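Chemist: attaching a predicted model along with its sequence, questions to come.
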Amino acid sequence: MIRLSRNVRDGLTDFWLAGPATLAMIVFIFVPVLVVAVLSFTDYQFGARDFVWIGLGNYSKLFGSALGQKAITNTLLYVALVIPASVGLGLFVAIGLHRMLDWAPRLSHLLRTVYFLPVAATLVAMSVAWQMVLHPSLGVVNQFLTLLGGEPKSWLSDRGLVLYTLAVIGVWQTVGYNMILFLAGLTSIPPELYDAADVDGAGGGWSRFWTVTWPLLGPTTLFVLVVTATNAFRVFETVATLTKGGPAFASDTLVYALYREGFVYFKAGYSSAITMVFFAFLLVLTIAQFRIVERRVHYK
Amino acid sequence: MIRRSLSRGVSLFLLIVGAMGILLPFIWMVSLAFKPRDEIFSADIDLLPTRLEWNNFVVAMTQTDVPLYLMNGLVVVLGILVFQILFTVPCAYALVQRRTRWRTVVFACVLAALLVPFHVTAIPIFLGFAEMGILNTYWALILPFIPTAFGIFLFRQFFSQMPKDLFDAARVDGMGEMEIVWRVAFPLALPAATAFAIFSVTAHWNDLFWPLIAITDPELATPPRGILYFRDQESGDDVGPLMAAALIITAPLVLAFLLAQRKFTQGLSAGGLKG
Amino acid sequence: MTSETVLELRGVSRCFGANTVLDHVDISVKAGSFTALLGASGCGKSTTLRIMAGLEQPSAGQVLLNGENVSDKTAHERNVAMVFQSYALYPHLTVAQNMALPLAMRHLSVFGRLPGVGRLSPGSGGVRKMIHEKVGHAAEILGLEPYLDRKPGTLSGGQKQRVALGRALVRDPVLFLLDEPLSNLDARLRIRMRAELSALHKETGRPFVYVTHDQAEAMAMADQVVVMIGGQVAQAGSPRSLYEKPASKEVAAFIGTNAINLFRPEDGVMGLHPAADRHVIGLRPEHVSPAEDGTLEAWLETAEFLGSEILLGLRTTTGKFVRAIAADDYCTPPPGSLIRLGFTPDRLHAFSGESGLRVELGA
């Protein structure tokens, strides 16, 4: 038997250890990204034998057509609605529960569990449940509205309302996640700082918040903002389950549009262009997220 | 003193109202799942059923494909997890322990891969799978998720904190590198593996995007895909069984979460790193 | 002669980038010997040990094990045992499993090693029994029997140390490598373990290579001490030869319980030897003592009563600090007193002022 030199054997071991994962990343991530980028400049359709280069045609269609613009503005509006509500409520709940630890720890833990529940729950199944909650006639929301003398509303089929309804569900789903991140930030604040604030005369609830809590939560908040934005940009499950982008594209979003154009209408080229635009948005956000994580590590 | 109890009272009130809002769809789902048909379609507001109708669950479990969906979900989720671990752990170990020239290249790949959301790769993978004729198989649901840059990153972090001597001792004791990975490194990385498993299982049990694309055969539907088949078929009078099905599909993860809350919050918030 | 040599390093160098850690190191380890690699931290002694183990590859030179060039072999192909400073016990295995692991690796097939399933592997029963006996025997020697089912996390430092030794003992290796194994123990335990290690060495009859920065440990246990300085072997020899004939003033400074007095020509301390104006003269404190007829005069600054002796710190009229040792019954005068010191002329060492190397003085 030929004995290979140690360097060769070491090289083979390295390949045997890291090769499969690296290969899988190349096959399922890097090559597909290149293919999507290339396809976005063609008119390729799934099943077609060949395609034509159409340059930026798909992109001008996305940015130029009313439908394409709708998907982009809807996504941006959805993100703009979810971020402040989800981050703000997450912060509020975290601070409330953190303080409650002093006088009612068990209740605080119980409420934390409740707020986190939607994060672990299957979103599609919960969307089906939301559909029943918001049902025009059988839903508990409209039943309450009628009871209070209000007008029942079509939460999911009113063009002016549907995106806001989806945003509420989006907030419902993410607020617990943000709460956990904020709670982690809050517990890492040394209690001596609050004592110092008390001594310095900043003892009231609000002044404590502004002198100690808020400045020290700064990096956490930045991180939570970006994570919430990243997740909001990917909104898909609720749209696919509850509205399919309707009515009349009033709740069409980027990911849903890329799904519909690509896999319902089989317009692979156009769908690739939507993908690339979505990718560009997320790339900016993810790189920002990396930067923040790096900075947070440096803080410690 | 009065001010303090007042502020406590107000925040307690707001937090409980918020929690009720969070619980609303859960309560409504459970309530409808147990309500008899006549109560579901009554115009009165009854948050809770007057009597428990177990028949909804019987219908969901016997007259629909829900058990099949659960089964598919289990196969896919475990398949993904097992392959992810098999591919990821040795690679993360190599990134920490091996002095290979390729280390920086592989790590750069990992960081780059973290930047790519799954949605971006869907079209080419669909094309490739169609070409290979493996759409509508378990493989179509499992294969695309095997490379997990997030997993490599997580395990790498964990391995880099382990004492180097331990691995050297294992080498002197006669273990090959692959054996060190599975007999020493992996057992010691169980906390990281638990967090990763929770993250992975939750993400793929709940995923709708890829099953919607890769699967057209209802026989292979995962739970989220399956419940949409169920909902789209029913004509509107099967609300009870539909809610029972939604409850059954949500229950495994929610119960696991309630039993292992700390691990779940750790695992899922570690996922915040994921791009 | 060569048949007796178990391990030999020939011209071994190791570079990390532009940084040379080992520079042409030659070491030979005889059968049944106890070799100590002694040096300050960063002198390359640990790297040398790792090259002997096969954990590290030399950039140049050869490693010979029983006459065979093993430079290209990995650690697990060499059948050497190593004990680590941090003990490196597997935290997820019991003491017995920790000790059994190297044997299982050597004697069981890949299939037979699998937990649980392994029992079904043909022929593994006898091997398992053998492993069980060997582990039991090692545990008996080391007094570990009560702890066999415990996890390392629950043991004290000394017990962990014994487990680490046990893991090396069970497998009958050609060579034992020990990397500062006692440095994490407290002083009292360290002294006791020294004796136990020496006893173990005699019992196994295998060569030990022992890395340490503590000269007392090296002198007490080893029959060959290799002093390493700056990635090179400064001197190798028996403890006695190192003490009596240090090859350089650096070695002289490293060996000995009390730091040696070194008199450079510019210190102006004459009268030690005619060569004191050309060479550095070394004189150990234990060879300098108060004497009525002494030729050296110095003022007493400090006196430490150590029980069996008294360590004196003095300053000569030319301002040079000198350490001397007096007998325990010496009646110490108050600090500031002028004392006459005598020394044993044949205990003088002379070193070249430029190279620091030993110079033999004519009789």
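Modeler: Arrived safely, thanks for sending. Numbering: from 1, shown residues only, chains lettered A, B, ... in the order given.
Chemist: how about C:Leu311, nearest residue that isn't a chain neighbour?
Modeler: With sequence-adjacent residues excluded and distances taken as C-beta to C-beta, 6 or more residues apart in numbering or on different chains, C:Leu311 is closest to C:Glu304, at 4.4 Å. No exception for glycine: its C-beta is placed from N, CA and C like everyone else's.
Chemist: and whichever helix or strand that neighbour is part of, average pLDDT?
Modeler: Secondary structure from DSSP states H and E places C:Glu304 in strand C:296-305. The average pLDDT for strand C:296-305 rounds to 86.
Chemist: returning to what we had before: what is the burial count for the residue nearest to C:Leu311?
Modeler: Neighbour count for C:Glu304, taken as other C-beta atoms under 10 Å in any protein chain shown: 11.
Chemist: quick one: pLDDT of the closest residue in space to A:Met276 that isn't next to it in sequence?
Modeler: Of all residues not flanking A:Met276 in the chain, A:Ser40 sits nearest, at 4.9 Å (C-beta to C-beta, 6+ apart). Per-residue confidence at A:Ser40 stands at 91 (pLDDT).
Chemist: ok, how many other residues are close to A:Ser40?
Modeler: Count around A:Ser40 with other C-beta under 10 Å applied: 26.
Chemist: looking at chain C, which helix or strand is least sure?
Modeler: helix C:110-113 (a mean of 60; mean pLDDT, DSSP states H and E).
Chemist: is any residue of stretch C:69-86 near chain A?
Modeler: Yes: Stretch C:69-86 is in contact with chain A by C-beta under 8 Å from any C-beta of the partner chain, via C:Asp72, C:Lys73, C:Thr74.
Chemist: which one of those has the most neighbours?
Modeler: Busiest of the residues of stretch C:69-86 next to chain A [other C-beta under 10 Å] is C:Thr74, holding 20 neighbours.
Chemist: please name the nearest non-neighbouring residue to that one.
Modeler: C:Gly54 (5.4 Å).
Chemist: same question for A:Tyr164.
Modeler: Nearest non-adjacent residue to A:Tyr164 (C-beta to C-beta, 6+ apart): A:Leu81, at 6.8 Å.
Chemist: these two touch, right, that neighbour and A:Thr174?
Modeler: No: the criterion here is C-beta atoms under 8 Å, and A:Leu81 misses it with A:Thr174 at 11.8 Å.
Chemist: more crowded one of these two?
Modeler: Between A:Leu81 and A:Thr174, counting by other C-beta under 10 Å, A:Thr174 is the more crowded of the two (24 against 18).
Chemist: give me phi/psi at that one?
Modeler: Per-residue torsions, A:Thr174: phi -100, psi -10 (degrees, to the nearest 10).
Chemist: and it, how far from chain B?
Modeler: 11 Å (C-beta to the nearest C-beta, to the nearest Å).
Chemist: any idea which helix or strand comes after the least confident helix or strand of chain C?
Modeler: Beyond helix C:110-113 toward the C-terminal end (DSSP H and E), the next one is helix C:124-142.
Chemist: for whichever residue of chain C sits closest to chain A, which non-adjacent residue is closest in space?
Modeler: Chain A sits closest to C:Asp72 of chain C, with a gap of 4.5 Å, by C-beta to the nearest C-beta. Counting by C-beta to C-beta, 6+ apart, A:Arg6 is the residue found nearest to C:Asp72 once chain neighbours are left out, at 4.5 Å.
Chemist: the one you found: what's it in contact with?
Modeler: Applying C-beta atoms under 8 Å, 6 or more residues apart in numbering or on different chains, we find A:Arg6 in contact with C:Gln57, C:Asp72, C:Lys73, C:Thr74.
Chemist: please enumerate the helices of the chain.
Modeler: I'll assume chain A. Secondary structure of chain A by DSSP state H: the helices cover A:6-25, A:31-39, A:57-64, A:66-103, A:105-120, A:123-133, A:140-147, A:162-187, A:191-199, A:205-208, A:214-233, A:237-238, A:254-259, A:268-299.
Chemist: hmm, no, I was thinking of chain C.
Modeler: C:45-53, C:95-107, C:110-113, C:124-142, C:157-169, C:187-204, C:215-221, C:239-244, C:249-254.
Chemist: which parts of the strand holding C:Glu304 are buried?
Modeler: C:Leu296, C:Ala298, C:Leu300, C:Ala303 (16 or more other C-beta atoms under 10 Å in any protein chain shown).
Chemist: and for stretch C:129-136?
Modeler: For stretch C:129-136, by 16+ other C-beta under 10 Å, it's C:Ile131, C:Lys134, C:Val135.
Chemist: follow-up on the earlier one: return the residues in contact with the residue nearest to C:Thr74.
Modeler: With C-beta under 8 Å, 6+ apart, C:Gly54 has these contacts: B:Arg171, B:Val172, C:Val63, C:Val70, C:Lys73, C:Thr74, C:Ala75, C:His76, C:Glu77, C:Arg78, C:Val80.
Chemist: quick one: residues in contact with stretch A:47-65.
Modeler: Against stretch A:47-65 from outside (C-beta under 8 Å, 6+ apart): A:40-45, A:68-69, A:71-72, A:266, A:269-270, A:272-274, A:276-277.
Chemist: equivalent analysis for stretch C:216-228, please.
Modeler: By C-beta under 8 Å, 6+ apart, stretch C:216-228 touches C:25, C:27, C:29-30, C:33-39, C:43-45, C:48, C:182, C:190, C:194, C:197-198, C:201, C:210, C:212, C:233-239, C:242-243, C:251, C:254-255, C:257.
Chemist: what's the ChimeraX line that selects buried ones from those?
Modeler: In ChimeraX, a selection of the buried entries from the contacts of stretch C:216-228 looks like this (16+ other C-beta under 10 Å):
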select /C:25,27,29,30,33,34,35,36,37,38,39,43,44,45,48,182,190,194,197,201,210,212,233,234,235,236,237,239,242,243,251,254,255
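Chemist: which residue is the nearest non-sequential neighbour of the most centrally placed residue in chain A?
Modeler: A centroid search over chain A (C-alpha atoms, centre = their mean) returns A:Asn231, at 0.8 Å, as the residue closest to the centre. Leaving aside its chain neighbours, A:Asn231 sits nearest to A:Thr174 (6.2 Å; criterion: C-beta to C-beta, 6+ apart).
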